[in-house]
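Student: Sequence first, then the predicted structure, then my questions.
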Amino acid sequence: MQSVAMANATMLPLPPLPTYTLTPLQPLLSWIPDLYLALILPVAAYWVVSFIFHFIDEYDLFPQYRLHTPAEVLKRNHVSRWDVFRDVIIQQVIQTAVGLAITIIEPEATIGQDDYNVAVWAQRIRIAQRAIPTVLAITGLDANTIATKQAVAHPILSAALQGGSYNLYQQAASGDLVPAFSSWELTLAKAVYWIGIPALQFTFAVLVVDTWQYFWHRAMHMNKWLYTTFHSRHHRLYVPYAYGALYNHPFEGFLLDTLGTGIAYMLAGMTCRQSMWFFTCSTIKTVDDHCGYALPWDPLQHITSNNAGYHDIHHQSWGIKTNFSQPFFTFWDRLLGTKWVGGDVSARYERSRIAAQKKIDQDNISHSSPAQSLEVELSPYESEEKNASTLAKQSQAQLDPSIPEGKAALQALGSRQQILDDQAGGGVQVLLEEAAEEREAQRVLRRSPRKKTVSQASSAPLKGLRDRVNTSLHGKASGVLVESSR
Ligand SMILES: [Zn+2]
Ligand SMILES: [Zn+2]
């Protein structure tokens, strides 16, 4: 300790930190405290963004970018728009109540410490410069020699090279001359304090939310009780739309969304004003992921690989056990092998969607050829075959025989079994409706000359599907294969 103290004693003293006085922070809007505004903003953003998408939907402004047709929204969803609206409001009431409870323990926001905090960072930058001579010495350079040469032309550089020995002084309040920071030190300190640290906090919070949501969401699908009790409700939306984003069982909404973002906010040490951005951005991203459109000019669709198209696969009966990542990034799916690898998903989407999607799917197909589907790469779907009922296997074989063997087939098989497990959510009925849709999709595709090869190749196994499904599903399906009665 003594040697360190002596070494420091030879250094120039650090520029002093300014004194400061804390005063209460004035609210952003004079008529509402920031803490309340932070709770209202995400709810307001949810409905504003949802309304924009609903407007686009109602007036069919961008049909070329739809992931599903309006008819699908009507026919395939197993919940009415009113029920969705009501449950979202319930979730938002819970979310706001929890937020209000937290505001009680939040300390009052104050202002006045920023210059002091910037000076603390400037001091750290000054201290860090003390290492420069040592670092240069390791690489064989003599800092003093270089510093002397540069002293006239570049005095600041020279001072930095000598470990931050600046001859800068300023008048203190007492009238004495005290050491001062150079302008670059202060500029860098301001950048760290005003941009660097908040960016780190935001990134960290995003990673916390993604991690929290991935593992809970995945658990909800891997555990039958969790799925049928809670999460199956969200999956009554086979064709998601914007304001269905927070359509959840109230417990799930509390656990995944409210607790997830709340914990991220606290761990990241955000201020109330930072939380306004974070809560609002998270909400808008979640709405955008359910919007039902792949709008090319929507920045949120491109910032990360997690977007409406990605999450839409998770809402399909053949992909429900894949693509668990939400709402920002997809790295957990990729790292843990739960990303959809079944290739071409475009047959169910609008034609304009097909072209772009297909390129990606071709890559996926080549990556998921049977030869590559070794045991280790089946993770975590090894037991899907074992757990699947005969009904699930038959329906998988008949509904989507084009899904490649190996992991993709297991993903789809597990997904179908999950649909069958959720009898309250429609069970076998869902698969039968899908068969009707698939035929309709193939019929539309046959009309498109560019898609001729695809439709010819994959429509053959669908011939006479109605009869085969009706008989092979042990009579359960008799007469319930719906084409147009719903
Ligand atoms: Zn899910
Ligand atoms: Zn969803």
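Tutor: All right, it came through fine. Ligands and ions are numbered 1, 2, ... in the order given.

Student: which sections of the protein are below the confidence cut-off?
Tutor: Scanning the chain for pLDDT under 70 picks out the ranges 1-11, 71, 344, 346-376, 438, 441-442, 444-486.

Student: And the residue nearest the centre of it?
Tutor: With distances taken as C-alpha atoms, centre = their mean, the residue of the chain nearest its centroid is Phe328 (1.7 Å).

Student: So that one is in contact with Ile284, correct?
Tutor: No. Applying C-beta atoms under 8 Å, one finds Phe328 not in contact with Ile284, separated by 11.4 Å. The C-beta positions use only the backbone N, C-alpha and C, and glycine is treated the same way.

Student: in which helix or strand would I find the residue of the chain positioned farthest from its centre?
Tutor: Distance to the chain centre peaks in the chain at Gly175, reaching 55.2 Å (criterion: C-alpha atoms, centre = their mean). Of the helices and strands defined by DSSP states H and E, none includes Gly175.

Student: How about the one 10 residues further on?
Tutor: Taking DSSP H and E as the criterion, Glu185 maps to helix 183-191.

Student: got the buried residues for that helix?
Tutor: Glu185, Leu186, Leu188, Ala189, Lys190 (16 or more other C-beta atoms under 10 Å).

Student: Which residue is the nearest non-sequential neighbour of Val79?
Tutor: In space, and not counting its chain neighbours, Val79 is closest to Arg236: 4.1 Å by C-beta to C-beta, 6 or more residues apart in numbering.

Student: Could you report the distance from that neighbour to Leu29?
Tutor: Separation of Arg236 from Leu29 (C-beta to C-beta, to the nearest Å) stands at 38 Å.

Student: These two: who's more crowded?
Tutor: More crowded of Arg236 and Leu29, by other C-beta atoms under 10 Å: Arg236, with 21 against 10.

Student: I'd guessed the more buried one sits against Asn77; true?
Tutor: Yes. With contact defined as C-beta under 8 Å, Arg236 reaches Asn77; the gap is 6.5 Å.

Student: residue ranges for the strands of the chain, please.
Tutor: Assignment of strands within the chain using DSSP state E yields the ranges 23-24, 110-111, 169-171, 177-179.

Student: Indicate which one of those strands is closest to Ala199.
Tutor: For the strands of the chain, proximity to Ala199 was assessed by C-beta to C-beta; strand 110-111 is nearest, at 21.3 Å.

Student: which helices and strands does that closest one pack with?
Tutor: Applying 3 or more C-beta pairs under 8 Å, 6 or more residues apart in numbering; DSSP states H and E, one finds that strand 110-111 contacts strand 23-24.

Student: Show me what the strand it packs on packs onto, helices and strands only.
Tutor: strand 110-111.

Student: tally of neighbours for Trp82?
Tutor: Trp82 sits with 8 neighbouring residues when counted by other C-beta under 10 Å.

Student: try Glu108
Tutor: 9.

Student: Surely Tyr241 and Ile56 touch.
Tutor: No. Applying C-beta under 8 Å as the test, Tyr241 and Ile56 come out as separate, 10.4 Å apart.

Student: Compare the two and say which one has the larger neighbour count.
Tutor: More crowded of Tyr241 and Ile56, by other C-beta under 10 Å: Tyr241, with 22 against 19.

Student: State the phi and psi torsions of the more buried one.
Tutor: phi -130, psi 160 (degrees, to the nearest 10).

Student: Please name the residues that touch it.
Tutor: Contact analysis of Tyr241 by C-beta atoms under 8 Å, 6 or more residues apart in numbering lists Phe53, His54, Asp57, Val73, His290, Cys291, Gly292.

Student: what do you get if the cut-off is 10 Å, keeping everything else the same?
Tutor: Each residue near Tyr241 by C-beta atoms under 10 Å, 6 or more residues apart in numbering is listed here: 50, 53-54, 57, 68, 73, 77, 81, 84, 247, 287, 290-293.

Student: between these, which is nearest Pro13?
Tutor: Relative to Pro13, the closest of the contacts of Tyr241 is Val287; by C-beta to C-beta it sits at 54.3 Å.

Student: Could you report the neighbour count for the closest one?
Tutor: 26.

Student: Find residues that contact each of Arg236 and Asn77.
Tutor: Asp83, Val84, Gly244, His315.

Student: could you flag which of those are buried?
Tutor: Val84, Gly244, His315.

Student: From His234, how far out is the last one?
Tutor: Computed with C-beta to C-beta, the distance linking His315 and His234 is 9 Å.

Student: The first one now?
Tutor: Noted for Val84: a distance of 10 Å to His234, by C-beta to C-beta.

Student: Could you name every residue contacting both of the two?
Tutor: In contact with both Val84 and His234: Gly244, Ala245, Leu246, Tyr247, using C-beta under 10 Å, 6+ apart.

Student: got JSON lines for these, with distance to Phe215 too?
Tutor: Shown next, in JSON lines, are the shared contacts of Val84 and His234 (distance: C-beta to C-beta, whole Å):
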{"residue": "Gly244", "distance to Phe215": "23"}
{"residue": "Ala245", "distance to Phe215": "20"}
{"residue": "Leu246", "distance to Phe215": "19"}
{"residue": "Tyr247", "distance to Phe215": "21"}
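
Student: For Pro33, state which of the residues you listed is nearest.
Tutor: Taking these together and measuring to Pro33 by C-beta to C-beta, the closest member is Leu246, at 24.6 Å.

Student: Wait, that closest one touches Ile284, no?
Tutor: No. Between Leu246 and Ile284 there is no contact under C-beta atoms under 10 Å: 11.9 Å.

Student: higher neighbour count, these two?
Tutor: For Leu246 versus Ile284, the count of surrounding residues by other C-beta under 10 Å is larger for Leu246: 26 against 19.

Student: ok, now which ones touch that one?
Tutor: By C-beta under 10 Å, 6+ apart, the neighbours of Leu246 are 43, 46, 50, 84, 87-92, 95, 234, 252-253, 256-258, 283, 286-287, 290.

Student: Would you quantify the distance from Ser80 to Leu237?
Tutor: Counting by C-beta to C-beta, the gap from Ser80 to Leu237 is 11 Å.

Student: Looking at these two now, which is surrounded by more residues?
Tutor: Neighbours per residue (other C-beta under 10 Å) separate Ser80 from Leu237, with Leu237 holding more: 20 against 10.

Student: ok, that one touching Gly244?
Tutor: Yes. The pair Leu237 / Gly244 is scored as a contact, 4.7 Å apart, by C-beta under 10 Å.

Student: Now do the shared contacts for the two.
Tutor: With C-beta under 10 Å, 6+ apart, Leu237 and Gly244 have common neighbours Val73, Asn77, Val79, Val84, His290, Gly292, His315.
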